[in-house]
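Trainee: Structure for this input, please:
(chains A and B)
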Protein chains: 2
Amino acid sequence: MPDQGEQPASLSEATAWCGTEDNLDDPEEVRVVFSALDAFSQYSKVAHFNVTHLRRRSFYALPQAHWKMLAAPPFNFLETLDKTDDAIDSNAELARAIVAHGLRSFHHLAAVSPQGEPVIPLEWTGVAKHGDIDKARSTIRQFYRDWTAEGAVERDVCYAPIFKTLSEHRARIGEGRRPKVLVPGAGLGRLVFELCQKGYEAEGNEISYHQLLASSCILNECPVAGKYTIYPWIHTFSNHVTRANHLRSYKAPDIHPATTLANSTGVGSMSMCAADFLCLYADDEHREMYDAVASLFFLDTAPNLIRYLEVIYHCLRPGGVLVNVGPLLWHFENQAPGNHGHDDDGDGEHDYNNSSGIADPGSFELSNDEVMALLDKLGFKVEWTQTGMETSYIQDNESMLQTVYKAAAWVARKPE
Amino acid sequence: MPDQGEQPASLSEATAWCGTEDNLDDPEEVRVVFSALDAFSQYSKVAHFNVTHLRRRSFYALPQAHWKMLAAPPFNFLETLDKTDDAIDSNAELARAIVAHGLRSFHHLAAVSPQGEPVIPLEWTGVAKHGDIDKARSTIRQFYRDWTAEGAVERDVCYAPIFKTLSEHRARIGEGRRPKVLVPGAGLGRLVFELCQKGYEAEGNEISYHQLLASSCILNECPVAGKYTIYPWIHTFSNHVTRANHLRSYKAPDIHPATTLANSTGVGSMSMCAADFLCLYADDEHREMYDAVASLFFLDTAPNLIRYLEVIYHCLRPGGVLVNVGPLLWHFENQAPGNHGHDDDGDGEHDYNNSSGIADPGSFELSNDEVMALLDKLGFKVEWTQTGMETSYIQDNESMLQTVYKAAAWVARKPE
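Mentor: Residues are numbered from 1 along each chain as shown, chains lettered A, B, ... in the order given. So this is what the prediction gives:
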């Protein structure tokens, strides 16, 4: 993805992209890009339909005496729906910015509107499937976790053992070079950014274009902190203590990335690679390239954890560390990849013609003690481990439904 | 549902059923009964397929070196699958007991096997849809909450404010009569049973035949405590700290209901009504019939909470109390009933020809403060309220994923 050439030098240099342009001869990769772009462009329409239109219909289907009671104070239910529409519009500003940024980045694939703006070509308009649109919505919600001040509560718990481990490893390496850290499953890029700020050569890897487009938009193009106002809790009407909390908004991003880096000393570098982790990092070029791998809510995305850990082992320098934080919510549990499973969400995402990556057939799910045993089996030395680390993931703290992970955190070293 | 005539008198009298036989002229009601029975009879086959068969296929699809590593100690993954099969078989004993009990209860609708046993008629075999089978599985898991010793942790938190409120109300009524308590959404019947044991005239109401068949089996036919061994956590392989916990079993029921009642003094009575709450309790016959209504994880099953509360108000005596414990996980949020919504789970459950019950068109979802305002609007006097009551629902306490409700508990009185 080309830089836009309009950012402060510190950031546009830092956020070089890799991995995309090589692949864009592949028509399947082009389809994936436009499915993500189309999903963000449909966010507004789909959210208005599902969240407010269907509710208005259900509301007026009530007995008249009932809907009249609910339309009046103190309920003002129709006002709530109007405010929800406004909130969707506000979220949609971010969605549209992601689309516009993506189209500028992939301008060689885009069509051009009569006004000269890049637009999604007609052949790719409406191509997003249900699962894509769902991912666009969850990506918008994820800004709460990665790019709001309030989300720091969630980030800090998870980042702490990573920062501590890397800091110790840096001391061990000495001052000769900046440690190179790989963050697979980098999502919206906050951890990669923070590592860059702390002086590491941070490289993110991400397979989802929904996430890649969104992180690139914030890191490369967002002109100012607080540019967007997101409403992460509006998509469900369940478990709200008050309507005010349901409609609570948050400013994103909490910081302007480029300004923050410009004002920091001892900054490292950052880059983001759009690729299947297993495909990109298993080659000779990446052998013993990294001082550390930081896996955060990542390992359970593996259909085959042995391959994930083998590739991590392969690309770590001798003496390098894998630091992990996360639960074991095996993403492929009900949708084993390849010919041997079924694609439950119907988005066909893992059916693409890829013979060596995450889509390979075969999968299994381990318990936490078995994961620890596997690390040992594959040659890692487990140096520190903690279980029951309470952490949440895009959680409204006021909600009547709290989903809390008792995550595992551990450090495993590749022997010298 | 007729009594079996083989139970200790104290219980077979206590658990008179109502509401079913009236309706069984309705072919739709017969379909619902057999869909539930068929779902329990399919539990074993479907669970073996989804939980272990697909996993074996995914396992052998791995590279040979990988599956061989996992087949060996300390992983013994194939042994885990064998143990999981055994656990499914153990759960299936309970499922089969529920089917056998149901067929004996509805013997006039059942066919007869060559061995003279009641069986599901051929025309109803295989009629259970995906959603039915899912409910059979979740009903088996629900035995953990309602009928194991370990489930007391979940029950005690929720029952405490109910017992306290009813005890105070009994003192207020005086010794002249036993208070009549209605438990809508009675599920597997544990609360109804406990209220009976404490001397109340407890009446449960439940719309789901999955739950009705299961509670009747335990209350009316289970011969001894600990008859069944259930494995509630086997259906998912995610978020297990150890394999031992994944495969942990529990004895059910923790008590033999009839023996427990026989050994108790001052026992009340219990009954269970199979019906749509809105249809049954809104009539003149039920007007001002109950001293109290205890709603536990029930109010959020309402598409139209105004109707629920109006019916509760209608059937409470003047001065009677509604005591509530639960979150606001609005069950109809994404599947508004009637013509104005869509049936997301595809089981068509709420499409039946019913002009005055839960299937009526129209729905809405309130926040907790709005629910409190609605109580006031409808004439209740809210006397006590608590928010943020931490409670879980069929939760493996060792899991790396904890779902915790911050439930609302409150007491609302119908004025004298």
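
Trainee: All the helices of the stretch 1-150 of chain A, in order from the start?
Mentor: A:9-14, A:20-23, A:27-47, A:54-60, A:64-71, A:77-105, A:130-147 (DSSP state H, counting those that start in this stretch).

Trainee: who in the stretch 51-200 of chain A is up against chain B?
Mentor: Taking Cβ under 8 Å from any Cβ of the partner chain, the part of the stretch 51-200 of chain A that reaches chain B is made up of A:54-55, A:57-63, A:66-67, A:69-70, A:74-75, A:77. To be clear about C-beta, it is placed using only N, CA and C from the backbone, and glycine gets the same treatment.

Trainee: Now do A:Ala100: how many residues are near it, please.
Mentor: Using other Cβ atoms under 10 Å in any protein chain shown, the number of residues around A:Ala100 comes to 18.

Trainee: Please name the residues that touch it.
Mentor: A:117-118 (Cβ atoms under 8 Å, 6 or more residues apart in numbering or on different chains).

Trainee: Quick one, grab the pLDDT at it.
Mentor: Per-residue confidence (pLDDT) for A:Ala100: 96.

Trainee: Touching, A:Ala97 and A:Ala214? I think so.
Mentor: No: A:Ala97 lies out of contact with A:Ala214 (Cβ atoms under 8 Å); the separation is 9.3 Å.

Trainee: ok, these two, which is more surrounded?
Mentor: Neighbours of A:Ala97 and A:Ala214, each counted by other Cβ under 10 Å, are more numerous for A:Ala214; the result is 30 against 18.

Trainee: do you know how far the more buried one is from A:Cys158?
Mentor: 19 Å (Cβ to Cβ, to the nearest Å).

Trainee: for A:Phe34, same thing?
Mentor: 32 Å.

Trainee: quick one: which of these two has more around it?
Mentor: A:Phe34 (25 against 22).

Trainee: Contact partners for the more buried one?
Mentor: By Cβ under 8 Å, 6+ apart, A:Phe34 lies in contact with A:109, A:120-121, A:124, A:127.

Trainee: Please apply the same query to A:Pro74.
Mentor: Contacts of A:Pro74 by Cβ under 8 Å, 6+ apart are B:370, B:373.

Trainee: If we use 10 Å, what do you get?
Mentor: A:243, B:369-370, B:372-374, B:376-377 (Cβ atoms under 10 Å, 6 or more residues apart in numbering or on different chains).

Trainee: pLDDT weak spots in chain A?
Mentor: Low-confidence regions of chain A, defined by pLDDT under 70, span residues A:1-24, A:336-356.

Trainee: which residues of the stretch 301-416 of chain A fall in helices?
Mentor: A:305-315, A:368-377.

Trainee: could these go into TSV alongside mean neighbour count?
Mentor: Formatted as TSV, the helices of the stretch 301-416 of chain A follow (neighbours: other Cβ atoms under 10 Å in any protein chain shown):
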stretch	mean neighbour count
helix A:305-315	21
helix A:368-377	18
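
Trainee: Turn these into CSV, including distance to chain B.
Mentor: Formatted as CSV, the helices of the stretch 301-416 of chain A follow (distance: least, Cβ to the nearest Cβ, whole Å):
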stretch, distance to chain B
helix A:305-315, 5
helix A:368-377, 5
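
Trainee: Mind checking the ones you listed for the one nearest to A:Gly326?
Mentor: helix A:368-377 (10.3 Å; Cβ to Cβ).

Trainee: Spell out which parts of the stretch 201-350 of chain A neighbour chain B.
Mentor: A:236-247, A:300, A:303-307, A:310, A:326-334, A:336-342 (Cβ under 10 Å from any Cβ of the partner chain).

Trainee: again, only using 8 Å
Mentor: A:236-243, A:245-246, A:300, A:303-304, A:306-307, A:327-330, A:333, A:336, A:338-341.

Trainee: Pull out the buried residues from these.
Mentor: Among those, those scoring as buried are A:236-241, A:243, A:245-246, A:300, A:303-304, A:306-307, A:327-330, A:333, A:336, A:338, A:340-341 (criterion: 16 or more other Cβ atoms under 10 Å in any protein chain shown).

Trainee: Partner strands of the strand ranked longest in chain A and their direction?
Mentor: Looking across chain A with DSSP state E, the single longest strand is strand A:401-413. Using DSSP bridges, the strands paired with strand A:401-413 are strand A:316-326 (antiparallel), strand A:381-391 (antiparallel), strand B:401-413 (antiparallel).

Trainee: for it, the distance to its chain's centre please.
Mentor: 17 Å (Cα atoms, centre = their mean, to the nearest Å).

Trainee: I'd like the helices of the stretch 301-416 of chain A as a markdown table, with distance to B:Phe143 appended.
Mentor: Below are the helices of the stretch 301-416 of chain A laid out as a markdown table (distance: least, Cβ to Cβ, whole Å):
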| stretch | distance to B:Phe143 |
| --- | --- |
| helix A:305-315 | 33 |
| helix A:368-377 | 26 |
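
Trainee: Please name whichever of those is nearest to A:Glu285.
Mentor: Closest among the helices of the stretch 301-416 of chain A, once you apply Cβ to Cβ, is helix A:305-315, at 9.4 Å.

Trainee: Check which helices and strands the closest one sits against.
Mentor: helix A:277-281, strand A:290-296, helix A:368-377, helix B:64-71 (3 or more Cβ pairs under 8 Å, 6 or more residues apart in numbering or on different chains; DSSP states H and E).

Trainee: Now do the contacts for the residue nearest in space to the middle of chain A.
Mentor: By Cα atoms, centre = their mean, the mean C-alpha position of chain A lies nearest to A:Gly187, the distance being 2.5 Å. For A:Gly187, the contact set (Cβ under 8 Å, 6+ apart) comprises A:142, A:146, A:206, A:211, A:215.

Trainee: burial count for the last one?
Mentor: Residues contacting A:Ser215 under the criterion other Cβ under 10 Å number 27.

Trainee: Does it touch A:Gly185 like I think?
Mentor: No: judged on Cβ under 8 Å, A:Ser215 makes no contact with A:Gly185 at a distance of 11.8 Å.

Trainee: which residues are common contacts for these two?
Mentor: A:Glu206.

Trainee: Any idea which of the helices and strands packed on helix A:305-315 gets closest to B:Ser363?
Mentor: strand A:290-296 (39.0 Å).

Trainee: Just the CA trace of that closest one, in CSV.
Mentor: Output of strand A:290-296 as CSV, limited to C-alpha atoms (Å, rounded to 0.1, in the frame of the first residue of the first chain):
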residue,chain,number,x,y,z
TYR,A,290,13.3,-11.2,15.1
ASP,A,291,14.4,-10.7,18.6
ALA,A,292,10.9,-11.2,19.9
VAL,A,293,7.4,-12.1,18.9
ALA,A,294,4.5,-10.6,20.8
SER,A,295,1.3,-12.6,20.4
LEU,A,296,-1.8,-10.9,21.9
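
Trainee: how many degrees apart are it and helix A:305-315 in direction?
Mentor: Per axes from the mean of the first three to the mean of the last three Cα atoms, to 10 degrees, the angle that strand A:290-296 makes with helix A:305-315 is 150 degrees.

Trainee: quick one: strand A:290-296 to chain centroid distance?
Mentor: On Cα atoms, centre = their mean, the centre of strand A:290-296 falls 17 Å from that of its chain.

Trainee: elements contacting that strand?
Mentor: helix A:152-173, strand A:180-184, helix A:190-197, helix A:305-315, strand A:316-326.

Trainee: how about the ones you listed in TSV, adding distance to B:Lys198?
Mentor: Putting these into TSV (distance: least, Cβ to Cβ, whole Å) gives the following:
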stretch	distance to B:Lys198
helix A:152-173	43
strand A:180-184	57
helix A:190-197	54
helix A:305-315	51
strand A:316-326	46
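
Trainee: Nearest to A:Pro253, out of these?
Mentor: helix A:190-197 (9.0 Å).

Trainee: CA-only coordinates of that closest one, as CSV, when you get a sec.
Mentor: Extracted in CSV, the C-alpha atoms of helix A:190-197 (Å, rounded to 0.1, in the frame of the first residue of the first chain):
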residue,chain,number,x,y,z
ARG,A,190,-2.0,0.0,18.6
LEU,A,191,0.5,-2.4,20.1
VAL,A,192,2.8,-2.0,17.0
PHE,A,193,2.5,1.8,17.4
GLU,A,194,3.3,1.7,21.1
LEU,A,195,6.3,-0.6,20.5
CYS,A,196,7.6,1.8,17.9
GLN,A,197,7.2,4.7,20.3
